[in-house]
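A.B. asks: kindly return the folded structure for what I paste below:
(2 chains)
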There are 2 protein chains.
Amino acid sequence: MKMLINSPETVVADALRGLAAAHPELDVDVDRGVVVRRDARDGGRVGLVSGGGSGHEPLHAGFVGYGMLSAACPGEVFTSPVPDQMLRAAQAVEAGQGVLFVVKNYTGDVLNFQMAAELAEDDGVRVEQVLVNDDVAVTDSLYTAGRRGTGATLFVEKIAGAAAEEGAPLEQVAALARRVNESSRTFGVALSACSTPAKGGPTFDLPDGEMELGVGIHGEPGRERRAMMPAREIAEVAVGAVLEELVEVAPADAPVLALVNGMGATPLLELYGFHAEVVRLLEARGVAVARALVGNYVTSLDMAGCSVTLCRADAETLRLWDAPVQTAALRWGR
Amino acid sequence: MKMLINSPETVVADALRGLAAAHPELDVDVDRGVVVRRDARDGGRVGLVSGGGSGHEPLHAGFVGYGMLSAACPGEVFTSPVPDQMLRAAQAVEAGQGVLFVVKNYTGDVLNFQMAAELAEDDGVRVEQVLVNDDVAVTDSLYTAGRRGTGATLFVEKIAGAAAEEGAPLEQVAALARRVNESSRTFGVALSACSTPAKGGPTFDLPDGEMELGVGIHGEPGRERRAMMPAREIAEVAVGAVLEELVEVAPADAPVLALVNGMGATPLLELYGFHAEVVRLLEARGVAVARALVGNYVTSLDMAGCSVTLCRADAETLRLWDAPVQTAALRWGR
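C.D. replies: Numbers count the residues shown, from 1 in each chain, chains lettered A, B, ... in the order given. Okay, here's the model as predicted:
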């Protein structure tokens, strides 16, 4: 597998050097693996910190900036960052109002963020945590007890980030983040496996003509293998699976935020075509799409495929979704 | 080759339906293949129209909006749009100040835009054209006499679009667009071939362990095949090739706009690492990077690889680069 890298060992550090060069508004500590918005402590707001294994870019470092994350901690590829990274991030963004950790539900991340929270509390930083677990495909998986955390992370970080930017207190930002997570569900599909630099080739076998329904963002197995289907039928499976679990969160007639997210190697041309099918299916079921986002946001290196995330919205979450955001990967309204 | 599509015949129309659903600020004529910003005629500005074969998304439709293109005409995959599309686009955006066609240098596009320009002039619309031909890899290619038009298209559309938004007259917008094109050079590298929906598989053979230096955005042959190299060595070839031809445009000590552009399937993690190498090389040669953009902007479906575009900037082009832009794929400052 050919990759545009210097060596598997330096992939993450090299990317952080590039991030620093391209985004002078970010304070990038390449050696320690911490990315902080330079104005994180101005204004005395709640700090929003996230992180996780690398390989899902632009998540999370691409979402650091005005109206979204205060800091991100990238781990090695598909490997949790260590507690010291989250602790440093918390200290760098703490402005007297406490810090919210946004944690995707993978065992390593959960343990390390928990340890970092305890260390930060010892250091006098008030910490709340929100666990993102939106992936309906499977309960319990390769690296996860319970549902995996995937596309909803973007909704949680954007909406909670907007609230923090407005000066909401920690408890309110945390409660909002939990509400967004509980209102969100995701289903992913892989048309090809991804290749990690360390392995140098595909992380799993996906035969010609088959796809993985319900795949995780590290290539974890989903619900089933099936022969390739047209986009409209794949959309039916994905939207059906998401809506089935989305009805648990009231109200069932609320409009949704929709994310049609590319896993990395699927052309934008195809993602937009897929989005058309998703919208058609939602409209047929009486679900109004209040806002939509189509593109590569929570990726799996060079995996081909996509995921659909829906989030039941209300007036407050819609307003915060629309609020200005200025990050490397998500920008509007300012 | 597995694709997230309904059928090869409907790929472009399906994507346009999705674009329309995701971006209500765009007026998308799916049947005729014309994408227009709804406020194109407000304010009596020069209209900026571009287009070309599909498969390079977000180029061009993703650049339609405030401060950039007034309209885009997507052709079938890797196939020029027809003159009727450009004519309709010109008519839709004409507000008494004339229209500039931004044309990438491929034989089909050049002929069809020329015919559309004549039809539009017959219809009373004043038309200027700028030919984008920035790719230094080869002179004459599979679909091109002279240099191919690639990454610089983004610089031309952004900077000329900002001037049009400010109310600059047609001759001035056209002269600026030509100046940006002449100040820009690009070199691309493929690590894998792309697959078109019509062919259903790779458009050319690229053996394991080899790469194509100087590839075109349709997979056209470049300068040479070579065994895979580390990112830092690939960057040396690309930056060297670009700088060699960039010295032709004065002044040689001007800072540059840098675009490290993904071809589609190369992870953002790798693109940022590659960007670090590009910046390192430029600094070593005394070339200051005034602004940088890293991501998938001028793609080749699912090709793995990247291109480097540099544009010698001056105070005016820098100011217009920084000016607000609000499109599906490029947004800042507003």
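
A.B. asks: confirm for me that residue A:197 is in contact with residue A:8.
C.D. replies: Yes: using C-beta atoms under 8 Å, residue A:197 makes contact with residue A:8 at a distance of 3.8 Å. Every C-beta, even on glycine, is put in place using the N, C-alpha and C of the backbone.

A.B. asks: show me what from the stretch 51-200 of chain A comes close to chain B.
C.D. replies: Contacts of the stretch 51-200 of chain A with chain B, taken as C-beta under 8 Å from any C-beta of the partner chain, map to A:54-55, A:57-58, A:62, A:77, A:191-192.

A.B. asks: ignoring the adjacent residues along the chain, who's closest to the residue nearest the centre of chain A?
C.D. replies: Among the residues of chain A, the one closest to the centroid is residue A:153, at 3.6 Å (C-alpha atoms, centre = their mean). Of all residues not flanking residue A:153 in the chain, residue A:132 sits nearest, at 4.9 Å (C-beta to C-beta, 6 or more residues apart in numbering or on different chains).

A.B. asks: and residue A:277, by the same measure?
C.D. replies: If the residues on either side of it in the chain are set aside, residue A:277 comes closest to residue A:235, at 3.7 Å by C-beta to C-beta, 6+ apart.

A.B. asks: how many neighbouring residues does that neighbour have?
C.D. replies: Applying other C-beta atoms under 10 Å in any protein chain shown, we find 27 other residues in the vicinity of residue A:235.

A.B. asks: ok, and what's touching stretch A:156-174?
C.D. replies: The contact list for stretch A:156-174, computed with C-beta atoms under 8 Å, 6 or more residues apart in numbering or on different chains, reads A:43-48, A:50, A:60, A:63, A:66-70, A:97-100, A:102, A:126, A:128-130, A:132, A:176-177, A:180-181, A:184, A:317, A:320-321, A:323, A:325, A:330.

A.B. asks: over to stretch A:282-289?
C.D. replies: Under C-beta under 8 Å, 6+ apart, the answer for stretch A:282-289 is A:239, A:243, A:253, A:255-256, A:258, A:279, A:310, B:21.

A.B. asks: please state the offset of that stretch from the chain centre?
C.D. replies: Here stretch A:282-289 is found 24 Å from its chain centre; the criterion is C-alpha atoms, centre = their mean, to the nearest Å.

A.B. asks: around chain B, which positions in the stretch 201-334 of chain A sit nearby?
C.D. replies: Within reach of chain B by C-beta under 8 Å from any C-beta, the stretch 201-334 of chain A has these residues: A:208-209, A:211, A:228, A:230-232, A:234, A:260, A:264-277, A:279, A:289, A:292-294, A:296, A:299, A:301-302, A:304-306, A:326, A:331-332, A:334.

A.B. asks: let's see that with 7 Å instead.
C.D. replies: A:211, A:228, A:230-232, A:234, A:264-270, A:272-276, A:279, A:292, A:294, A:299, A:301-302, A:304, A:306, A:331-332 (C-beta under 7 Å from any C-beta of the partner chain).

A.B. asks: now do the helix or strand containing the residue nearest to residue A:277: which elements does it pack against?
C.D. replies: According to DSSP states H and E, residue A:235 maps onto helix A:231-246. When contacts are defined as 3 or more C-beta pairs under 7 Å, 6 or more residues apart in numbering or on different chains; DSSP states H and E, helix A:231-246 packs onto strand A:184-190, helix A:268-284, strand A:305-312.

A.B. asks: turn these into JSON lines, including mean pLDDT, distance to residue A:121 and mean neighbour count.
C.D. replies: JSON lines is the format used below for those (pLDDT from 0 to 100; distance: least, C-beta to C-beta, whole Å; neighbours: other C-beta atoms under 10 Å in any protein chain shown):
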{"stretch": "strand A:184-190", "mean pLDDT": "98", "distance to residue A:121": "28", "mean neighbour count": "30"}
{"stretch": "helix A:268-284", "mean pLDDT": "98", "distance to residue A:121": "42", "mean neighbour count": "24"}
{"stretch": "strand A:305-312", "mean pLDDT": "98", "distance to residue A:121": "30", "mean neighbour count": "29"}
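
A.B. asks: ok, now how distant is the residue nearest to the centre of chain A from residue A:259?
C.D. replies: Going from residue A:153 to residue A:259 by C-beta to C-beta, to the nearest Å gives 10 Å.

A.B. asks: next: residue A:162.
C.D. replies: Computed as C-beta to C-beta, the residue A:162 to residue A:259 distance reads 16 Å.

A.B. asks: residue A:52: what's it in contact with?
C.D. replies: A:60, A:75, A:80-81, A:104, A:109 (C-beta atoms under 7 Å, 6 or more residues apart in numbering or on different chains).

A.B. asks: just to be sure, it is in a strand?
C.D. replies: Yes: counting by DSSP: H, G, I helix; E, B strand; the rest coil, residue A:52 is located in a strand.

A.B. asks: partner residues bridging it?
C.D. replies: residue A:74 (DSSP bridges).

A.B. asks: ok, the nearest residue to residue A:268 once chain neighbours are set aside - how many residues close by?
C.D. replies: Sequence neighbours aside, residue B:57 is the residue nearest to residue A:268 in space, at 3.8 Å (criterion: C-beta to C-beta, 6+ apart). For residue B:57, the tally of surrounding residues (other C-beta under 10 Å) stands at 26.

A.B. asks: go on, residue A:141?
C.D. replies: Using other C-beta under 10 Å, residue A:141 has 21 other residues around it.

A.B. asks: now swap in the one 5 residues further on and tell me
C.D. replies: A count of neighbours around residue A:146, defined by other C-beta under 10 Å, yields 15.
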